[in-house]
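A.B. asks: sharing a sequence plus its predicted fold:
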Amino acid sequence: MGPVSLVGRIGGMPSPTLHSDSPQSRYQVRLHLGADPEAMPVLTEAADLVVFADALPDPSSPSGPGSAVSVIGFGFRRSAARAVLEAQADAGERVFVAVVTPLSAGGGFAVEDFLLAGAVVDALAEVGIDYSSPEAAAACAAFVSLRGAVGHLVSASEEGQRWVAAGRGAELAALCRLDTDQA
């Protein structure tokens with residue numbers, strides 16, 4: 001699978017607002033941080049489309065769980081937004097999107113995935129998909145305000161430091177470049 005790939009759209013489901021008790025269920029764009037792969041079926045049940053945001057993928061990370069758009073790195077956030085917009089056009093109605101980050105290696109907060117999720121939410125807003133939950137809006141605001149420091153923040157993060165120590169600094173830098181799909 002490439003940096004952004006549309007695996008498929010969940011079809012024929014009724015509005016998730018009728019079947020979910022999540023406080024985020026009324027919003028078109030939701031955010032779920034550190035989702036365990038076993039939780040993916042629940043998230044996909046409550047959304048029409050899942051955007052899986054993994055800034056620094058581990059070889060064991062899922063590369064497109066279920067019906068999802070996988071975003072690897074910051075360069076393809078706009079491609080992900082376009083894929084969601086196309087899925088919405090194909091559906092002929094608003095689609096509900098869950099932006100999901102993977103469970104971090106230590107189970108803690110992964111700043112790189114939070115910023116990537118915010119970058120995706122920002123790109124969704126740019127194409128007009130902007131009825132976001134407070135959680136998604138906060139990630140978006142973090143990305144927008146820290147956009148110029150993404151490379152530094154990611155390389156200084158716990159996982160970023162592991163990549164640098166493993167000699168993967170150039171690969172990390174490439175994943176932190178914004179909107180390379182526009183080049």
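C.D. replies: Arrived safely, thanks for sending. Residues are numbered from 1 along each chain as shown.
A.B. asks: contacts, neighbours, all on C-alpha from now
C.D. replies: OK.
A.B. asks: list the beta-bridge partners for the residue nearest to the spatial centre of the chain.
C.D. replies: Residue closest to the average C-alpha location in the chain (C-alpha atoms, centre = their mean): Ala53, at 3.0 Å. Ala53 has the following beta-bridge partners by DSSP bridges: Val71.
A.B. asks: ok, it - contacts?
C.D. replies: Contact partners of Ala53, counting by C-alpha atoms under 8 Å, 6 or more residues apart in numbering, are 70-73, 99-102, 113, 116-117, 120.
A.B. asks: among the residues you listed, which lie within helices?
C.D. replies: Mapping the contacts of Ala53 onto helices (DSSP state H) picks out 113, 116-117, 120.
A.B. asks: can you put the contacts of Ala53 in TSV and add distance to Ala137, neighbour count and pLDDT?
C.D. replies: Below are the contacts of Ala53 laid out as TSV (distance: C-alpha to C-alpha, whole Å; neighbours: other C-alpha atoms under 10 Å; pLDDT from 0 to 100):
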residue	distance to Ala137	neighbour count	pLDDT
Ser70	20	27	84
Val71	18	30	85
Ile72	21	25	87
Gly73	20	27	90
Val99	11	26	94
Val100	14	25	91
Thr101	15	24	91
Pro102	19	23	88
Asp113	15	28	95
Leu116	13	32	97
Ala117	10	31	97
Val120	11	28	97
